[in-house]
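Engineer: can you look at this prediction? I've put the sequence above it.
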Amino acid sequence: MLPPWEKYPDLEYGDLGWRMGYGEEYLDAFREWWVPLPPPDKRDYAGRYPPPSHWEGFFSDIDSV
């Protein structure tokens with residue numbers, strides 16, 4: 001899966017669009033895909049897709065939900 005900032009670059013982190021509509025659906029699907037990944041796979045993914053500065057903390061946030 002693409003990270004949310006690449007799938008929907010028009011939506012900022014924390015934007016209302018992530019809590020309703022197409023952004024919410026994608027973020028839910030991403031979370032379901034992400035959470036069960038083993039830690040080495042998460043590190044590899046985060047290295048391939050480093051979050052932009054305005055998405056800082058995303059990976060730790062999504063793990064804590």
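Structural biologist: Received the coordinates, thanks.
Engineer: pLDDT (mean, whole number) over stretch 43-54?
Structural biologist: Here stretch 43-54 scores 95 as its mean pLDDT.
Engineer: just how off-centre is that stretch within its chain?
Structural biologist: Centroid separation for stretch 43-54 versus its chain: 10 Å, with CA atoms, centre = their mean, to the nearest Å.
Engineer: buried residues in that stretch?
Structural biologist: 49, 51 (16 or more other CB atoms under 10 Å). No exception for glycine: its C-beta is placed from N, CA and C like everyone else's.
Engineer: hmm, who's touching that stretch?
Structural biologist: The contact list for stretch 43-54, computed with CB atoms under 8 Å, 6 or more residues apart in numbering, reads 2-3, 5-6, 12-13, 37, 57-59.
Engineer: contact partners of stretch 21-37?
Structural biologist: So stretch 21-37 is contacted by 1, 3-4, 7-8, 11, 15, 17-18, 42, 45, 62-63, 65 (CB under 8 Å, 6+ apart).
Engineer: can you select the buried ones from the residues you listed in PyMOL?
Structural biologist: In PyMOL syntax, the buried subset of the contacts of stretch 21-37 is picked out as below (16+ other CB under 10 Å):
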select buried, resi 3+4+8+11+17+18
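Engineer: could you identify the most distant pair in the contacts of stretch 21-37?
Structural biologist: Greatest spatial distance among these (CB to CB): 17 and 42, at 24.6 Å.
Engineer: phi first, then psi, for the nearest residue to residue 58 once chain neighbours are set aside.
Structural biologist: Of all residues not flanking residue 58 in the chain, residue 51 sits nearest, at 4.9 Å (CB to CB, 6 or more residues apart in numbering). Main-chain dihedrals, residue 51, degrees, to the nearest 10: phi -70, psi 140.
Engineer: this completes my enquiry, with thanks.
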